[in-house]
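Novice: Pasted the sequence and its predicted model underneath.
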Amino acid sequence: MLKTTQTLRFNYEFSRIYKRGKFSTGRHLAVHAFKRGPNLKHNLTRIPQDLLRVGFTNSHGRKTAVARNRAKRLLRAAFAKYEPDVLLGYDIIFLMKSGEILPTYQEVEKEMGRHLSNLGLLKSGELL
């Protein structure tokens, strides 16, 4: 990941995004995004506006750790393509939906780009 990207780690950060953010859902994944204000704090320190914070998660349908970790790796790999073009100052969660089989990398990458574009999170506003 770039130096301007950090990982979301705490439950209250995920909860804030789910409750106050906007979202886009599709066949294989959902994207939740929250635009941080200038006064948002973490452990009494302000979070810089020139920072992108990202979290990757699964729905509860994946039973084995192998399947859950594979789904998260797919999400991280697909996000690596779009990372330089995502606007800073957002907290974003990528949620892989459960299903019989995991989607291919190409399907995840295409759907992720569509969601990022729909939410207005890409600098160019278009798919790559």
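Specialist: Received the coordinates, thanks. Numbers count the residues shown, from 1 in each chain.

Novice: Now residue 30: closest residue in space that isn't a chain neighbour?
Specialist: Spatially, and ignoring its direct neighbours in sequence, residue 30 is nearest to residue 95 (4.4 Å; Cβ to Cβ, 6 or more residues apart in numbering). To be clear about C-beta, it is placed using only N, CA and C from the backbone, and glycine gets the same treatment.

Novice: Name the helix or strand for that neighbour, please.
Specialist: strand 90-96 (DSSP states H and E).

Novice: for whichever helix or strand comes after that strand, the distance to its chain's centre please.
Specialist: Using DSSP H and E, the next helix or strand after strand 90-96 towards the C-terminus is helix 105-118. In terms of Cα atoms, centre = their mean, to the nearest Å, the gap separating the centre of helix 105-118 from the centre of its chain is 11 Å.

Novice: same question, stretch 73-88
Specialist: Distance of stretch 73-88 from its chain centroid, counting by Cα atoms, centre = their mean, is 8 Å.

Novice: Can you show me the strands along this structure?
Specialist: Assigned by DSSP state E, the strands in the chain fall at 5-7, 22-25, 29-35, 41-42, 45-46, 52-58, 90-96.

Novice: so who does the residue nearest to residue 30 touch?
Specialist: 29-32, 57-59 (Cβ atoms under 8 Å, 6 or more residues apart in numbering).

Novice: in the sheet, who's paired with it?
Specialist: For residue 95, the beta-bridge partners under DSSP bridges are residue 30, residue 57.

Novice: what's the longest helix along the chain packed up against?
Specialist: Using DSSP state H, we find that the single longest helix of the chain is helix 65-82. For helix 65-82, the elements it packs on are strand 52-58, strand 90-96, helix 105-118, judged by 3 or more Cβ pairs under 8 Å, 6 or more residues apart in numbering; DSSP states H and E.

Novice: what residues does it touch?
Specialist: Contacts of helix 65-82 (Cβ under 8 Å, 6+ apart): 1, 29, 54, 56-58, 62, 94, 96, 102-103, 105, 108-109, 112-113, 116, 122, 128.
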